Structure formats: structure tokens, C-alpha cells
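Novice: Give me coordinates for this.
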Amino acid sequence: CLLDLLWRWRRGELPVEIVQVVSNHPDLEKDVAGFDVPYAHIPVTRERKAEAEQQQLELLAGRVDLVVLARYMQVLSGDFLGRVGVPAINIHHSFLPAFAGAGPYDQAKKRGVKLVGATAHYVTEDLDEGPIIEQDVARISHRQSVREIARRGADIERVVLARAVEAHCDDRVLLNDTTTIVF
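Specialist: Residues are numbered from 1 along each chain as shown. This is a model prediction of the structure:
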């Protein structure tokens, strides 16, 4: 998802300026360097979560209008969300809450799921329960392997996240309590 957003940004397809990538893993640092965007690796552990979030806040303070979680895989604290002062958007597969935790595509395959999809939503303190901005699905079949299903899901996640970011940045999303209206 991160690299897809960077490619779309570079091609002028997203009305954004990406000023910083903050990651709890070092994996994509070399890839991000090719886009001339600063990359900060800040490990997050249960014991150091508050310290890590403080470092993240210092990097982002006054520099961003939106935070995008592209596979960040950490729950942001209410303190972080309150202090960052801008909306945050997250992306996840649409099997939640049915197939939460490890191996959602394995779980889905075993249950004979016929659709795979993705949901982009605003981040709240409640994990994956924020107001939904964008969703999409694709049909899958029992003939497909877990790997093929996961690849289809990843493709949809990239597109859904890009559409959500674009809609937000184009001011086409209105919050109405716990839901959204997207124009």
C-alpha cells in the first residue's frame, strides 16, 4: 500500500505531498529512498509504545494534514490520536471481524468465502471500527489458493486506500457521527 501511494503521488495522481514515512519496521527504507521521502524507523514494543509515539509525534508535528496507516499494524493510542491533531486513515482486509488475527486468508479459504475485499476508514481508539470511507470487493473461487486470494485482497487494498486518501484530500468526505458521506 505504501509503495502504491508513493507511485500515485509521483505520477501526480494523488492531491497530496508526502513529507515523511514513519515505520515500525526497516523493510521498505531503501524503496522509499527512491522517492526522496524521509524515512524514519521507530520500533514499537509494548514496553516502549508511549516513547515511540512521542518520537512519531515529534516528526509529524505541524508538518501533516493527514496520517495514513499503510500496513502499520499497531493500534494507535487515544493520546497519540488526540495529540497528532489530524485525521488518520487505515486500510484492512474486509474479513473483519469474522476472521481477525493471524492468517485471515487461511481462515477465509477454510470457510469457503466467495468475496475478498478491503475497507479504508478513519482511525479511532477502537481497533478497525472508525467511520468507513471506501470499500471494494472481488469474487473469488474455491479453485484459488490462499496465496492467490491474498494477492487479490492486496490488490484491492491498494486501490481502496488510494481512493480513500484521494476522497479525503479532495474534501469529498463528510463525517456524520460514526458514519461518512462521500461525494
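Novice: The spatially closest residue to Glu125 that is not a sequence neighbour: neighbouring residues, count only.
Specialist: Distances taken as C-beta to C-beta, 6 or more residues apart in numbering place Gly78 nearest to Glu125, at 4.4 Å, with adjacent residues excluded. For glycine as for every other residue, the C-beta is placed from the backbone atoms N, C-alpha and C. Number of residues near Gly78 (other C-beta atoms under 10 Å) recorded here: 11.
Novice: Per-residue pLDDT of Gly78, please?
Specialist: What the model reports for Gly78 is a pLDDT of 93.
Novice: What is the least confident helix or strand in the chain?
Specialist: Every helix and strand in the chain was compared by mean pLDDT, DSSP states H and E; the lowest is helix 104-111, with a mean of 91.
Novice: Can you check the pLDDT for the residue in the chain sticking out farthest from the centre?
Specialist: No residue in the chain sits farther from the centre than Arg143, which is 28.8 Å out by C-alpha atoms, centre = their mean. According to the prediction, Arg143 has pLDDT 96.
Novice: likewise Tyr72?
Specialist: We have a pLDDT of 79 for Tyr72.
Novice: This protein: helices as residue ranges?
Specialist: 2-10, 29-33, 49-60, 78-84, 104-111, 146-169 (DSSP state H).
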